[in-house]
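# Here's my sequence, what's the structure:
(one chain, ligands or ions: 1)
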Amino acid sequence: MNILVINAGSSSLKYQLMDPETGSVSAKGLCERIYIDGRLNHNANGKKVVKDIPMPTHSEAIAAVLDILVDPVDGVIASTDEIDAVGHRVLHGGMEFFDSCIIDDAVIAAIEKCIPLGPLHNPANLMGIRACQAVMPATPQVAVFDTAFHMTMPPKAYRYAIPTEYYKNDSIRRYGFHGTSHKYVTKRAIELMGTKDIKIVNCHLGNGSSLSAVSDGKCQDTSMGLTPLAGVPMGTRSGDLDAAVAQFIMNKYGMSADECLNMLNKKSGVLALSGISSDFRDIENGADEGNQDCTLALDKFAYEVRKYIGSYAAALGGLDCLVFTAGVGENSGSMRSRICEGLEFLGVKIDPEKNKVRGKEVVISTDDSKVKVWIIPTNEELMIAQDTAELVKAAN
Ligand code: AMP
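Below is the predicted model of the structure:
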(Lines give C-alpha, C1' and ligand atoms only; values in the text may rest on other atoms or scores of the structure.)
Protein backbone atom coordinates (compact mmCIF):
# COMPACT_ATOMS: atom_id res chain seq x y z
CA MET A 1 0.00 0.00 0.00
CA ASN A 2 1.16 3.58 -0.70
CA ILE A 3 0.02 6.24 1.77
CA LEU A 4 0.81 9.89 1.16
CA VAL A 5 1.29 11.63 4.53
CA ILE A 6 0.71 15.39 4.49
CA ASN A 7 1.57 17.94 7.17
CA ALA A 8 0.38 21.33 5.93
CA GLY A 9 1.58 24.46 7.72
CA SER A 10 0.64 28.05 6.97
CA SER A 11 3.35 28.53 4.33
CA SER A 12 4.82 25.04 4.07
CA LEU A 13 3.77 21.48 3.34
CA LYS A 14 5.72 18.36 4.30
CA TYR A 15 5.03 15.05 2.59
CA GLN A 16 6.10 11.42 2.71
CA LEU A 17 5.04 8.55 0.50
CA MET A 18 5.29 5.42 2.62
CA ASP A 19 4.30 1.81 3.02
CA PRO A 20 2.42 1.57 6.33
CA GLU A 21 3.33 -2.08 6.82
CA THR A 22 7.09 -1.86 6.41
CA GLY A 23 7.45 1.82 7.27
CA SER A 24 9.64 2.25 4.21
CA VAL A 25 9.58 5.75 2.74
CA SER A 26 9.92 5.91 -1.06
CA ALA A 27 9.85 9.71 -1.30
CA LYS A 28 9.66 12.66 1.01
CA GLY A 29 10.02 16.39 0.87
CA LEU A 30 8.93 19.87 1.69
CA CYS A 31 7.13 22.64 -0.18
CA GLU A 32 8.11 25.96 1.30
CA ARG A 33 7.40 29.64 0.65
CA ILE A 34 3.78 28.88 -0.36
CA TYR A 35 1.94 32.20 -1.01
CA ILE A 36 5.37 33.91 -1.43
CA ASP A 37 6.90 32.23 -4.47
CA GLY A 38 7.28 28.48 -3.92
CA ARG A 39 10.07 25.94 -3.66
CA LEU A 40 9.93 22.15 -3.74
CA ASN A 41 12.59 20.11 -1.91
CA HIS A 42 12.21 16.48 -2.92
CA ASN A 43 14.14 13.39 -1.77
CA ALA A 44 13.75 10.10 -3.62
CA ASN A 45 15.87 7.41 -5.26
CA GLY A 46 18.81 8.51 -3.09
CA LYS A 47 18.78 11.98 -4.68
CA LYS A 48 17.78 15.45 -3.54
CA VAL A 49 15.98 17.75 -6.00
CA VAL A 50 15.20 21.43 -5.41
CA LYS A 51 12.82 23.19 -7.82
CA ASP A 52 11.38 26.69 -7.78
CA ILE A 53 7.71 26.26 -8.69
CA PRO A 54 5.07 29.00 -8.31
CA MET A 55 2.83 28.10 -5.35
CA PRO A 56 0.26 30.87 -4.95
CA THR A 57 -1.82 28.49 -2.77
CA HIS A 58 -1.58 25.02 -1.20
CA SER A 59 -3.28 23.56 -4.31
CA GLU A 60 -0.25 24.31 -6.49
CA ALA A 61 2.01 22.85 -3.79
CA ILE A 62 0.05 19.57 -3.76
CA ALA A 63 0.01 19.55 -7.57
CA ALA A 64 3.80 19.98 -7.57
CA VAL A 65 4.17 17.06 -5.13
CA LEU A 66 1.98 14.78 -7.27
CA ASP A 67 3.84 15.84 -10.44
CA ILE A 68 7.24 14.97 -9.01
CA LEU A 69 6.00 11.70 -7.50
CA VAL A 70 5.06 10.50 -11.03
CA ASP A 71 8.02 12.17 -12.78
CA PRO A 72 9.86 9.62 -14.99
CA VAL A 73 13.26 10.65 -13.53
CA ASP A 74 12.68 11.88 -9.97
CA GLY A 75 9.39 10.10 -9.25
CA VAL A 76 8.70 6.77 -7.58
CA ILE A 77 5.26 5.80 -8.96
CA ALA A 78 3.88 5.56 -12.50
CA SER A 79 0.55 7.23 -11.75
CA THR A 80 -1.21 8.95 -8.86
CA ASP A 81 -3.68 6.01 -8.96
CA GLU A 82 -0.96 4.14 -7.05
CA ILE A 83 -1.58 6.38 -4.02
CA ASP A 84 -4.13 4.39 -2.01
CA ALA A 85 -4.98 7.13 0.50
CA VAL A 86 -3.79 10.41 1.98
CA GLY A 87 -3.27 10.90 5.74
CA HIS A 88 -3.36 14.50 6.99
CA ARG A 89 -1.90 15.72 10.25
CA VAL A 90 -4.45 18.03 11.90
CA LEU A 91 -3.44 19.97 14.99
CA HIS A 92 -6.63 20.45 16.99
CA GLY A 93 -9.55 18.06 17.14
CA GLY A 94 -11.14 19.85 20.11
CA MET A 95 -13.87 17.81 21.77
CA GLU A 96 -15.05 16.69 18.32
CA PHE A 97 -12.47 13.97 17.59
CA PHE A 98 -11.40 11.06 19.80
CA ASP A 99 -9.65 9.22 16.98
CA SER A 100 -8.47 9.49 13.40
CA CYS A 101 -11.27 9.44 10.81
CA ILE A 102 -12.03 9.38 7.09
CA ILE A 103 -12.66 12.91 5.87
CA ASP A 104 -16.11 13.86 4.61
CA ASP A 105 -18.07 17.13 4.66
CA ALA A 106 -19.10 16.65 8.32
CA VAL A 107 -15.46 16.10 9.34
CA ILE A 108 -14.37 19.24 7.50
CA ALA A 109 -17.11 21.21 9.26
CA ALA A 110 -15.99 19.84 12.64
CA ILE A 111 -12.32 20.73 11.95
CA GLU A 112 -13.53 24.23 11.05
CA LYS A 113 -15.40 24.35 14.37
CA CYS A 114 -12.07 23.73 16.14
CA ILE A 115 -10.36 26.75 14.49
CA PRO A 116 -10.76 28.97 17.60
CA LEU A 117 -8.73 26.34 19.53
CA GLY A 118 -6.02 26.01 16.84
CA PRO A 119 -6.17 29.37 15.04
CA LEU A 120 -2.77 29.09 13.36
CA HIS A 121 -2.67 25.43 12.38
CA ASN A 122 -6.21 24.22 11.69
CA PRO A 123 -6.82 26.64 8.76
CA ALA A 124 -3.52 25.52 7.18
CA ASN A 125 -4.39 21.84 7.76
CA LEU A 126 -7.76 22.45 6.08
CA MET A 127 -6.06 24.08 3.10
CA GLY A 128 -3.95 20.95 2.69
CA ILE A 129 -7.05 18.73 2.86
CA ARG A 130 -9.02 20.83 0.37
CA ALA A 131 -6.07 21.02 -2.02
CA CYS A 132 -5.76 17.20 -2.00
CA GLN A 133 -9.49 16.74 -2.47
CA ALA A 134 -9.36 19.06 -5.48
CA VAL A 135 -6.51 17.30 -7.27
CA MET A 136 -7.30 13.70 -6.28
CA PRO A 137 -11.08 13.58 -5.66
CA ALA A 138 -11.35 9.78 -5.81
CA THR A 139 -8.59 9.09 -3.24
CA PRO A 140 -9.70 8.58 0.38
CA GLN A 141 -8.42 11.22 2.80
CA VAL A 142 -7.94 10.64 6.53
CA ALA A 143 -7.48 13.19 9.34
CA VAL A 144 -5.12 12.29 12.21
CA PHE A 145 -5.37 14.69 15.16
CA ASP A 146 -2.55 15.79 17.44
CA THR A 147 -5.02 15.95 20.33
CA ALA A 148 -6.91 12.66 19.79
CA PHE A 149 -4.68 10.27 21.79
CA HIS A 150 -5.20 12.37 24.91
CA MET A 151 -9.02 12.28 24.72
CA THR A 152 -9.16 9.28 27.07
CA MET A 153 -8.12 11.54 29.98
CA PRO A 154 -10.65 11.58 32.82
CA PRO A 155 -12.32 14.91 33.76
CA LYS A 156 -10.12 15.29 36.86
CA ALA A 157 -7.13 15.50 34.49
CA TYR A 158 -8.62 17.60 31.72
CA ARG A 159 -10.81 20.07 33.58
CA TYR A 160 -9.30 23.36 34.77
CA ALA A 161 -10.42 24.64 38.18
CA ILE A 162 -12.01 27.78 36.73
CA PRO A 163 -15.72 28.64 36.41
CA THR A 164 -17.61 25.90 34.53
CA GLU A 165 -19.12 28.31 31.98
CA TYR A 166 -15.74 28.52 30.19
CA TYR A 167 -15.71 24.76 29.76
CA LYS A 168 -19.38 24.52 28.80
CA ASN A 169 -19.55 27.57 26.50
CA ASP A 170 -16.03 27.70 25.13
CA SER A 171 -14.58 24.15 25.47
CA ILE A 172 -11.72 25.50 27.64
CA ARG A 173 -9.95 22.41 29.04
CA ARG A 174 -6.69 20.50 28.81
CA TYR A 175 -6.30 18.83 25.39
CA GLY A 176 -2.61 18.03 25.07
CA PHE A 177 -0.54 17.79 21.87
CA HIS A 178 2.13 15.57 20.24
CA GLY A 179 -0.65 12.95 20.47
CA THR A 180 0.46 11.09 17.36
CA SER A 181 3.96 10.73 18.82
CA HIS A 182 2.65 9.65 22.24
CA LYS A 183 0.36 7.13 20.50
CA TYR A 184 3.23 5.73 18.42
CA VAL A 185 5.68 5.28 21.31
CA THR A 186 2.91 3.83 23.52
CA LYS A 187 2.11 1.28 20.82
CA ARG A 188 5.79 0.37 20.48
CA ALA A 189 6.31 0.23 24.28
CA ILE A 190 3.38 -2.19 24.62
CA GLU A 191 4.78 -4.34 21.78
CA LEU A 192 8.29 -4.27 23.27
CA MET A 193 7.15 -4.96 26.85
CA GLY A 194 4.84 -7.74 25.60
CA THR A 195 1.80 -6.54 27.56
CA LYS A 196 -0.74 -3.72 27.58
CA ASP A 197 -1.13 -4.03 31.34
CA ILE A 198 1.64 -1.54 32.18
CA LYS A 199 1.98 1.97 33.51
CA ILE A 200 3.99 4.14 31.13
CA VAL A 201 5.31 7.68 31.29
CA ASN A 202 6.26 8.98 27.84
CA CYS A 203 8.71 11.90 27.63
CA HIS A 204 8.55 13.56 24.19
CA LEU A 205 11.46 15.97 24.56
CA GLY A 206 12.33 18.06 21.52
CA ASN A 207 12.08 21.70 20.64
CA GLY A 208 8.53 21.37 21.97
CA SER A 209 8.21 18.95 24.89
CA SER A 210 5.36 17.08 26.51
CA LEU A 211 4.86 14.10 28.81
CA SER A 212 1.98 11.66 28.99
CA ALA A 213 0.85 9.22 31.67
CA VAL A 214 -0.57 6.03 30.18
CA SER A 215 -2.16 2.94 31.67
CA ASP A 216 -3.69 0.03 29.76
CA GLY A 217 -2.61 1.81 26.56
CA LYS A 218 -4.81 4.84 27.30
CA CYS A 219 -3.70 8.37 28.10
CA GLN A 220 -4.59 9.40 31.66
CA ASP A 221 -2.88 12.78 31.73
CA THR A 222 -0.58 14.97 29.68
CA SER A 223 1.48 18.07 30.34
CA MET A 224 0.38 20.42 27.53
CA GLY A 225 -2.97 22.12 27.94
CA LEU A 226 -5.49 24.11 25.94
CA THR A 227 -2.45 25.12 23.87
CA PRO A 228 1.12 23.76 23.61
CA LEU A 229 2.37 26.47 26.00
CA ALA A 230 1.76 24.43 29.17
CA GLY A 231 3.92 21.80 30.85
CA VAL A 232 7.70 21.66 31.08
CA PRO A 233 9.87 24.55 29.82
CA MET A 234 10.69 24.08 26.13
CA GLY A 235 13.03 25.51 23.49
CA THR A 236 11.24 28.86 23.46
CA ARG A 237 8.06 28.24 25.53
CA SER A 238 7.87 28.99 29.22
CA GLY A 239 5.84 25.92 30.20
CA ASP A 240 3.65 26.10 33.33
CA LEU A 241 3.46 29.59 34.83
CA ASP A 242 1.47 31.42 37.49
CA ALA A 243 -1.07 33.28 35.28
CA ALA A 244 -0.55 36.39 37.41
CA VAL A 245 2.99 36.70 36.02
CA ALA A 246 1.45 37.52 32.64
CA GLN A 247 -0.82 40.13 34.20
CA PHE A 248 2.12 41.73 36.05
CA ILE A 249 4.26 41.98 32.92
CA MET A 250 1.38 43.24 30.75
CA ASN A 251 0.54 45.98 33.27
CA LYS A 252 4.11 47.06 33.92
CA TYR A 253 5.32 47.06 30.29
CA GLY A 254 2.05 48.02 28.56
CA MET A 255 1.99 44.76 26.63
CA SER A 256 -1.16 43.44 24.97
CA ALA A 257 -2.28 39.87 25.71
CA ASP A 258 -1.07 38.81 22.26
CA GLU A 259 2.36 40.40 22.79
CA CYS A 260 2.69 38.73 26.19
CA LEU A 261 1.68 35.32 24.80
CA ASN A 262 4.15 35.79 21.95
CA MET A 263 6.90 36.43 24.53
CA LEU A 264 5.88 33.31 26.50
CA ASN A 265 5.72 31.14 23.36
CA LYS A 266 8.70 32.43 21.39
CA LYS A 267 11.18 34.16 23.71
CA SER A 268 11.04 32.05 26.88
CA GLY A 269 12.00 28.50 27.86
CA VAL A 270 15.63 27.37 27.71
CA LEU A 271 16.32 30.15 25.17
CA ALA A 272 15.54 32.73 27.86
CA LEU A 273 17.33 30.90 30.68
CA SER A 274 20.48 30.11 28.73
CA GLY A 275 20.54 33.50 27.00
CA ILE A 276 22.19 31.91 23.95
CA SER A 277 19.97 29.43 22.11
CA SER A 278 16.82 27.30 22.06
CA ASP A 279 18.84 24.39 20.68
CA PHE A 280 19.84 21.89 23.36
CA ARG A 281 23.10 21.07 21.58
CA ASP A 282 24.25 24.70 21.84
CA ILE A 283 23.18 24.83 25.48
CA GLU A 284 24.99 21.58 26.34
CA ASN A 285 28.14 22.94 24.64
CA GLY A 286 27.76 26.21 26.56
CA ALA A 287 27.45 24.35 29.87
CA ASP A 288 30.52 22.25 29.02
CA GLU A 289 32.44 25.50 28.49
CA GLY A 290 31.41 26.74 31.93
CA ASN A 291 28.46 29.01 31.04
CA GLN A 292 26.40 29.03 34.27
CA ASP A 293 23.22 30.22 32.52
CA CYS A 294 23.38 27.20 30.25
CA THR A 295 23.83 24.92 33.27
CA LEU A 296 20.78 26.53 34.88
CA ALA A 297 18.69 26.03 31.70
CA LEU A 298 19.61 22.33 31.58
CA ASP A 299 19.02 21.87 35.33
CA LYS A 300 15.65 23.62 35.17
CA PHE A 301 14.52 21.54 32.20
CA ALA A 302 15.64 18.26 33.80
CA TYR A 303 14.10 19.23 37.16
CA GLU A 304 10.69 20.03 35.67
CA VAL A 305 10.66 16.84 33.55
CA ARG A 306 11.65 14.81 36.65
CA LYS A 307 8.83 16.44 38.64
CA TYR A 308 6.32 15.50 35.95
CA ILE A 309 7.60 11.90 35.91
CA GLY A 310 7.20 11.72 39.69
CA SER A 311 3.73 13.24 39.65
CA TYR A 312 2.60 10.93 36.84
CA ALA A 313 3.94 7.88 38.70
CA ALA A 314 1.78 9.06 41.63
CA ALA A 315 -1.22 9.67 39.34
CA LEU A 316 -0.88 6.18 37.83
CA GLY A 317 -0.16 4.53 41.20
CA GLY A 318 3.17 3.13 39.97
CA LEU A 319 5.50 3.01 37.01
CA ASP A 320 6.66 0.10 34.83
CA CYS A 321 8.08 1.82 31.79
CA LEU A 322 9.68 5.21 31.12
CA VAL A 323 10.06 6.21 27.48
CA PHE A 324 12.32 8.91 26.00
CA THR A 325 11.61 10.16 22.49
CA ALA A 326 12.04 13.14 20.08
CA GLY A 327 15.22 15.14 19.39
CA VAL A 328 16.50 15.57 22.94
CA GLY A 329 14.96 12.37 24.37
CA GLU A 330 16.42 10.19 21.62
CA ASN A 331 19.83 11.83 21.34
CA SER A 332 20.98 13.39 24.58
CA GLY A 333 22.31 10.77 27.01
CA SER A 334 23.45 13.52 29.35
CA MET A 335 19.93 15.00 29.53
CA ARG A 336 18.40 11.55 30.08
CA SER A 337 20.76 10.87 32.99
CA ARG A 338 20.25 14.41 34.41
CA ILE A 339 16.47 13.73 34.39
CA CYS A 340 16.71 10.27 35.93
CA GLU A 341 19.13 11.34 38.70
CA GLY A 342 17.12 11.11 41.91
CA LEU A 343 14.43 8.82 40.49
CA GLU A 344 16.08 5.72 41.99
CA PHE A 345 13.42 5.73 44.74
CA LEU A 346 10.85 5.02 42.00
CA GLY A 347 12.89 2.06 40.75
CA VAL A 348 14.53 3.92 37.84
CA LYS A 349 18.17 2.84 37.36
CA ILE A 350 19.97 3.95 34.20
CA ASP A 351 22.94 1.94 32.91
CA PRO A 352 25.57 4.59 31.95
CA GLU A 353 27.01 2.38 29.17
CA LYS A 354 23.63 1.63 27.56
CA ASN A 355 22.66 5.30 27.94
CA LYS A 356 25.40 6.28 25.47
CA VAL A 357 23.18 5.08 22.62
CA ARG A 358 21.51 7.65 20.33
CA GLY A 359 18.40 7.38 18.21
CA LYS A 360 17.93 3.61 18.52
CA GLU A 361 15.09 1.58 20.02
CA VAL A 362 16.86 0.19 23.10
CA VAL A 363 16.52 -0.34 26.85
CA ILE A 364 18.88 1.93 28.77
CA SER A 365 18.04 0.80 32.31
CA THR A 366 20.07 -1.75 34.27
CA ASP A 367 18.92 -5.38 34.32
CA ASP A 368 17.78 -4.99 37.94
CA SER A 369 15.94 -1.68 37.38
CA LYS A 370 12.29 -2.09 38.45
CA VAL A 371 11.25 0.40 35.79
CA LYS A 372 12.30 -0.40 32.20
CA VAL A 373 13.65 2.77 30.62
CA TRP A 374 13.47 2.87 26.82
CA ILE A 375 14.62 5.10 24.01
CA ILE A 376 11.92 4.76 21.34
CA PRO A 377 12.53 6.97 18.29
CA THR A 378 9.20 8.50 17.39
CA ASN A 379 7.68 8.19 13.93
CA GLU A 380 4.60 10.39 13.62
CA GLU A 381 4.42 9.92 9.84
CA LEU A 382 4.32 6.13 10.21
CA MET A 383 1.58 6.43 12.83
CA ILE A 384 -0.44 8.65 10.46
CA ALA A 385 0.13 6.19 7.60
CA GLN A 386 -0.90 3.21 9.76
CA ASP A 387 -4.07 4.91 11.04
CA THR A 388 -4.92 5.93 7.46
CA ALA A 389 -4.37 2.43 6.08
CA GLU A 390 -6.40 0.83 8.87
CA LEU A 391 -9.40 3.14 8.36
CA VAL A 392 -9.34 2.82 4.57
CA LYS A 393 -9.09 -0.99 4.72
CA ALA A 394 -11.97 -1.15 7.23
CA ALA A 395 -14.13 1.04 4.95
CA ASN A 396 -13.64 -1.25 1.90
P1 AMP B 1 12.71 17.88 17.70
O2 AMP B 1 11.82 19.04 18.01
O3 AMP B 1 12.17 16.57 18.15
O4 AMP B 1 13.17 17.86 16.26
O5 AMP B 1 14.05 18.12 18.57
C6 AMP B 1 14.88 19.21 18.36
C7 AMP B 1 15.79 19.38 19.57
O8 AMP B 1 16.57 18.18 19.73
C9 AMP B 1 16.78 20.52 19.40
O10 AMP B 1 16.80 21.34 20.57
C11 AMP B 1 18.12 19.81 19.28
O12 AMP B 1 19.15 20.55 19.84
C13 AMP B 1 17.89 18.57 20.09
N14 AMP B 1 18.90 17.56 19.77
C15 AMP B 1 19.07 16.89 18.62
N16 AMP B 1 20.18 16.10 18.70
C17 AMP B 1 20.72 16.30 19.91
C18 AMP B 1 21.87 15.80 20.61
N19 AMP B 1 22.71 14.93 20.05
N20 AMP B 1 22.10 16.24 21.86
C21 AMP B 1 21.28 17.14 22.45
N22 AMP B 1 20.18 17.65 21.86
C23 AMP B 1 19.90 17.24 20.61
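# ranges for the strands of the protein?
For the chain, strands defined by DSSP state E occupy the ranges 3-8, 13-18, 25-32, 39-44, 47-52, 85-90, 101-102, 141-145, 199-205, 209-215, 218-222, 321-325, 362-363, 372-375.
# From the contact counts, what lies against the first one?
In terms of contacts (3 or more CB pairs under 8 Å, 6 or more residues apart in numbering; DSSP states H and E), strand 3-8 is packed against strand 13-18, helix 58-69, strand 85-90, helix 121-135, helix 380-395. All C-beta spots, glycine's among them, are computed from the backbone N, C-alpha and C.
# rerun at 6 Å
strand 13-18, strand 85-90, helix 121-135, helix 380-395 (3 or more CB pairs under 6 Å, 6 or more residues apart in numbering; DSSP states H and E).
# Can you tell me, leaving aside adjacent residues, what's nearest to the closest residue to the ligand within the chain?
Proximity of the chain to the ligand (CB to the nearest ligand atom) peaks at Gly327, 2.0 Å away. Nearest residue to Gly327, sequence neighbours excluded (CB to CB, 6 or more residues apart in numbering): Gly206, at 4.1 Å.
# Ala143 now?
According to CB to CB, 6+ apart, the nearest residue to Ala143 is Val90 (4.8 Å).
# which residues sit in contact with that neighbour?
For Val90, the contact set (CB atoms under 6 Å, 6 or more residues apart in numbering) comprises Asn125, Ala143, Phe145.
# I'd like the distance between the first one and Ile115.
For Asn125, the distance to Ile115 (CB to CB, to the nearest Å) stands at 10 Å.
# Can you report how many residues neighbour the residue lying closest to Arg173 once chain neighbours are set aside?
The shortest distance from Arg173 to any non-neighbouring residue, by CB to CB, 6+ apart, is to Tyr158 (4.8 Å). By other CB atoms under 10 Å, 20 other residues sit near Tyr158.
# next one: Gly217
There are 16 residues near Gly217, going by other CB under 10 Å.
# ok, back up a step: who does the residue nearest to Ala143 form a beta bridge with?
Phe145 (DSSP bridges).
# Give me the most central residue, this structure.
His178 (2.9 Å; CA atoms, centre = their mean).
# show me the contacts for Phe280.
By CB under 6 Å, 6+ apart, the neighbours of Phe280 are Val328.
# same check, this time on Asn285
Per CB under 6 Å, 6+ apart, neighbours of Asn285: none.
# ok, now how distant is Ser311 from Asp170?
When distance is defined by CB to CB, Ser311 is 27 Å away from Asp170.
# again, but for Ala246
Taking CB to CB, one finds Ala246 at 19 Å from Asp170.
# From the neighbour counts alone, determine which of these two ranks first.
Applying other CB under 10 Å to Ala246 and Asp170 shows that Ala246 carries more neighbours, namely 17 against 11.
# Near the ligand, which residues of the chain are found?
Applying CB under 6 Å from any ligand atom, we find that the chain lies next to the ligand at Gly206, Asn207, Gly235, Asp279, Phe280, Arg281, Glu284, Ala326, Gly327, Val328, Asn331, Ser332.
# mind listing what the residue nearest to Ser26 when sequence neighbours are not counted touches?
Of all residues not flanking Ser26 in the chain, Val76 sits nearest, at 4.3 Å (CB to CB, 6+ apart). Applying CB under 6 Å, 6+ apart to Val76 gives the contacts Ser26, Ala27, Ala44.
# quick one: contacts for the nearest residue to the last one once chain neighbours are set aside?
Spelled out, that is Ala44. Nearest in space to Ala44, with sequence neighbours left out and distances taken as CB to CB, 6+ apart, is Ala27 at 3.7 Å. By CB under 6 Å, 6+ apart, the residues touching Ala27 are Leu17, Ala44, Val76.
# Glu341 versus the closest residue to Cys340 other than its chain neighbours, what's the distance?
Once flanking residues are discounted, Cys340 sits nearest to Ile350: 4.9 Å by CB to CB, 6+ apart. Note on Ile350: its distance to Glu341, by CB to CB, is 9 Å.
# The two: which has the busier surroundings?
More crowded of Ile350 and Glu341, by other CB under 10 Å: Ile350, with 22 against 13.
# In contact with the more buried one, which residues are there?
Ser337, Cys340, Ile364, Ser365.
# One more pass at 10 Å, please.
322, 333, 336-337, 339-341, 343-344, 364-366, 369, 371, 373 (CB atoms under 10 Å, 6 or more residues apart in numbering).
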